[in-house]
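Undergrad: Structure of the sequence below:
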Amino acid sequence: RRRVLRHAREVAPGATVVALAVYVLMCGVADLAVLKHLEGAVDARLHARLDALVEARPAAARAPAAPRPAVPDTDGLDDAPVLTWWIPAGTGVARRLERDAPRLPLTAARAPGPRDVTIGRRAFRVVAASTPTGRYVAGTSVEELLSIRATLLAAEGALLPVVLVAFFLVAYAIGRRAAAPVERARTQQLDFTADASHELRTPLSVIEAEVSLALAAERPAPQLRRSLERVGAESHRLGGIVDDLLWLARADSLPEGRAPSGAVELHALAEDAVSRFQPVAAHRELDLHLAPAPDDAVVEAPADWLDRLLSVLLDNACRYVEPGGQIEVRIPTNSGPCLPRVDDSGPGIPPDVLSRTSGRFRR
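TA: Sure, this is the predicted structure:
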């Protein structure tokens, strides 16, 4: 559990940093899109006013009349009016066409625009249009636009800690969930390695002890023969353990649910398994038999896996059933799961260890 929590704590900060970068990027793109849209609306208002001025005053017209009050344009971003100026050709003096218009610096009218300038300590956006008799300039305050931008930044800044904390918690939870099966598989692998090492150590220790005794001093031929028989038996056991490990490795290497399977006749499979263990059962004075069953009990499964399962159950029964006991293999004939069943008259498994019987190398 501590390793899972440590892994989650290591993953969550990195994921949070990535989330911060994505959040800033998304907010920047969104702000840019919103502000560009609003600026486009302001520019459209200014160009419409310039077009109206140019069309209303042909090139031969004289200078505009006296200034008039500014009229708010309620179709725009806010109630800020569009103000206009007239710069006669050759004079370099900007004349206000509305009384409320501030004094226009000539630097603000040099480029057609649109451009952002400061007029009377206020932020304006202006555009200009030239005619043969002079130059028209239209502008409007964009302080509302700047206020909207500041509001967006403040809202995003206020939301940022909440987003980061929420994403950190989500990343931490996902990290725990993702690390749990990995750590469980790692623990199982360590347990499997430890159990396999223990199983291998026992026959190797016996072989080493017998060889050491045989080489320690001269021994009679019968004793040497018994030592060799023990070495041979332990070697046979060691080979069986190695075969089991290789079988488990091959089984684990298959994708989940992709074991090679085919149609298996359970009666024939059980009959073959019982036949193989008859000598073992007879040696231990056990009654091993196969209960009558229909020949049409067929399942779709890996045949070698089922055969190995039956062999493990029969071997276990032959080991622990007392002499004179009974072992019966049955194929269910009801509508339930069609799996072989091995019943015996042995002592059974204590309930407190029954849940551990499916573990590898458990006894």
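Undergrad: Could you give me the buried positions within the strand ranked longest in the chain?
TA: Using DSSP state E to assign secondary structure, the strand with the most residues in the chain is strand 122-131. Neighbour counts over strand 122-131 (16 or more other Cβ atoms under 10 Å) mark F124, R125, V126, V127, A128, A129 as buried. Any C-beta I mention is one placed from the backbone N, CA and C, and that applies to glycine too.
Undergrad: any chance of those residues in TSV, plus pLDDT and distance to L35?
TA: Shown next, in TSV, are these (pLDDT from 0 to 100; distance: Cβ to Cβ, whole Å):
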residue	pLDDT	distance to L35
F124	89	16
R125	88	12
V126	88	18
V127	89	18
A128	88	22
A129	86	25
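Undergrad: How many neighbouring residues does D31 have?
TA: By the measure other Cβ atoms under 10 Å, the count of residues near D31 is 15.
Undergrad: Hmm, T151 and it touching each other?
TA: No. Checked against Cβ atoms under 8 Å, the pair D31 and T151 is beyond contact range at 10.6 Å.
Undergrad: who's in contact with the longest strand of the chain?
TA: For strand 122-131, the surrounding residues in contact (Cβ atoms under 8 Å, 6 or more residues apart in numbering) are 39, 42-43, 46-47, 50-51, 53-54, 57, 59, 102, 108-119, 135-143, 145-146.
Undergrad: surely E156 meets G28?
TA: No. Between E156 and G28 there is no contact under Cβ under 8 Å: 9.3 Å.
Undergrad: So for the two, which residue has more residues nearby?
TA: With neighbours defined as other Cβ under 10 Å, E156 and G28 compare such that E156 has more, 17 against 11.
Undergrad: Would you mind measuring from that one to R250?
TA: Using Cβ to Cβ, to the nearest Å, E156 is found at 56 Å from R250.
Undergrad: and if you look at W305?
TA: Taking Cβ to Cβ, one finds W305 at 11 Å from R250.
Undergrad: Which stretches in this protein count as helices?
TA: In the chain, the helices defined using DSSP state H lie at 2-56, 143-216, 221-253, 266-283, 303-320, 351-354.
Undergrad: Low-confidence regions, the stretch 251-363 of the chain specifically.
TA: Applying pLDDT under 70 to the stretch 251-363 of the chain flags residues 253, 255-259, 294-295, 333-337, 360-363.
Undergrad: quick one on the thing from earlier: got the angle between the longest strand of the chain and helix 143-216?
TA: Put simply, strand 122-131 runs at 110 degrees to helix 143-216, going by axes from the mean of the first three to the mean of the last three Cα atoms, to 10 degrees.
Undergrad: Partner strands of strand 122-131 and their direction?
TA: Strand pairing for strand 122-131, using DSSP bridges, gives strand 115-119 (antiparallel), strand 134-141 (antiparallel).
Undergrad: Using a markdown table, lay out the ones you listed together with mean pLDDT, distance to I327 and mean neighbour count.
TA: Shown next, in a markdown table, are these (pLDDT from 0 to 100; distance: least, Cβ to Cβ, whole Å; neighbours: other Cβ atoms under 10 Å):
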| stretch | mean pLDDT | distance to I327 | mean neighbour count |
| --- | --- | --- | --- |
| strand 115-119 | 84 | 95 | 15 |
| strand 134-141 | 87 | 98 | 24 |
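Undergrad: So which of those is nearest L309?
TA: Evaluated with Cβ to Cβ, those place strand 115-119 nearest to L309, the distance being 80.6 Å.
Undergrad: D343: which of the helices of the chain is closest?
TA: helix 303-320 (8.7 Å).
Undergrad: Now that closest one: buried residues?
TA: For helix 303-320, using 16+ other Cβ under 10 Å, the buried residues are A303, L306, D307, L309, L310, L313, L314, N316, A317, C318.
Undergrad: Same question for stretch 227-235.
TA: For stretch 227-235, by 16+ other Cβ under 10 Å, it's S227, R230, V231, E234.
Undergrad: just the residues you listed now: which is nearest L200?
TA: Nearest to L200 among the buried residues of stretch 227-235, with distances taken as Cβ to Cβ, is E234, at 10.8 Å.
Undergrad: For that closest one, give me its contacts.
TA: Contacts for E234 were tallied using Cβ under 8 Å, 6+ apart; they are P203, L204, V206, I207, E210.
Undergrad: and P105, what are its phi and psi?
TA: phi -70, psi 140 (degrees, to the nearest 10).
Undergrad: Let me know how buried it is, in neighbour terms.
TA: Using other Cβ under 10 Å: P105 sits among 13 other residues.
Undergrad: what's the answer for the one 3 residues further on, then?
TA: By the criterion of other Cβ under 10 Å, A108 has 20 neighbours.
Undergrad: now swap in V329 and tell me
TA: By other Cβ under 10 Å, the residues close to V329 number 26.
Undergrad: these two touch, right, it and D272?
TA: No. Between V329 and D272 there is no contact under Cβ under 8 Å: 10.8 Å.
Undergrad: Quick check: which ranges of the stretch 1-150 of the chain have low pLDDT?
TA: Applying pLDDT under 70 to the stretch 1-150 of the chain picks out residues 1-11, 57-79.
Undergrad: between the contacts of E234, which is closest to Y172?
TA: Distances from Y172 to the contacts of E234, taken by Cβ to Cβ, are shortest for L204, at 45.8 Å.
Undergrad: mind listing what the residue lying closest to that closest one once chain neighbours are set aside touches?
TA: Nearest non-adjacent residue to L204, counting by Cβ to Cβ, 6 or more residues apart in numbering: L238, 6.9 Å away. Residues counted as contacts of L238 (Cβ under 8 Å, 6+ apart) are L200, P203, L204, I207.
Undergrad: thinking again about what came up before, state the pair within the buried residues of stretch 227-235 that is farthest apart.
TA: The distance between the two most remote of these (Cβ to Cβ) is 10.7 Å, for S227 and E234.
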